[in-house]
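1. have a look at this fold, sequence not included:
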């Protein structure tokens, strides 16, 4: 399997979480309530899995391998890095709005929904560029050995950054929330 296929598979799970978050935001807009357990699980997923693990695989291994293969950082790789940074800011803003919501601040719901929608929109476009342009660009230039080294490196990052069993825990959360919201 190509290393980028693992990232594409992760994108599928991330997109499901975005659909769940959209439903949570709809519910929040209608009745003003959010399940703390569900929302905090999603925030943890964004911070730990999406940023630390998934983006870590890209930033620490994939993008440097692409640069080595002749894909310039100033192009699409630079755009992806900038979008990762924008995504981090939006997740932080979502977390801050959620803290204010929990503290009873009336305007926090609107900020939470707005930042969540902004993050979803940004990341869906981001995923589309990676899956359909950037990853195929890298795959066309990577040797079999590079693919294998990337895949092994991805596995190592997953163990180091999220720990053994956490990936499965996130899958369980996605399944549970899918049954509730989708």
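-> Now that the structure is in, tell me what you want to look at. All figures in this text were calculated on a predicted structure; none of them were measured in a lab.
2. which secondary structure elements does the longest helix along the chain sit against?
-> Counting by DSSP state H, the longest helix found in the chain is helix 3-31. Contacting helix 3-31 under the criterion 3 or more CB pairs under 8 Å, 6 or more residues apart in numbering; DSSP states H and E are the following elements: helix 36-44, helix 108-129, helix 135-139, helix 144-162, helix 166-181. For the C-beta atoms, the positions are set from N, CA and C on the backbone; glycine is no exception.
3. show me what the second one is packed up against.
-> Which is helix 108-129. helix 3-31, helix 78-102.
4. rebuild the helices and strands packed on helix 3-31 as CSV, extending it with mean pLDDT.
-> Formatted as CSV, the helices and strands packed on helix 3-31 follow (pLDDT from 0 to 100):
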stretch, mean pLDDT
helix 36-44, 97
helix 108-129, 97
helix 135-139, 96
helix 144-162, 93
helix 166-181, 95
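5. between those helices, which one is closest to residue 20.
-> helix 166-181 (4.7 Å; CB to CB).
6. next, the buried residues of that closest one.
-> Neighbour-count burial for helix 166-181 flags 166-167, 169-170, 173-174, 177, 181 (criterion: 16 or more other CB atoms under 10 Å).
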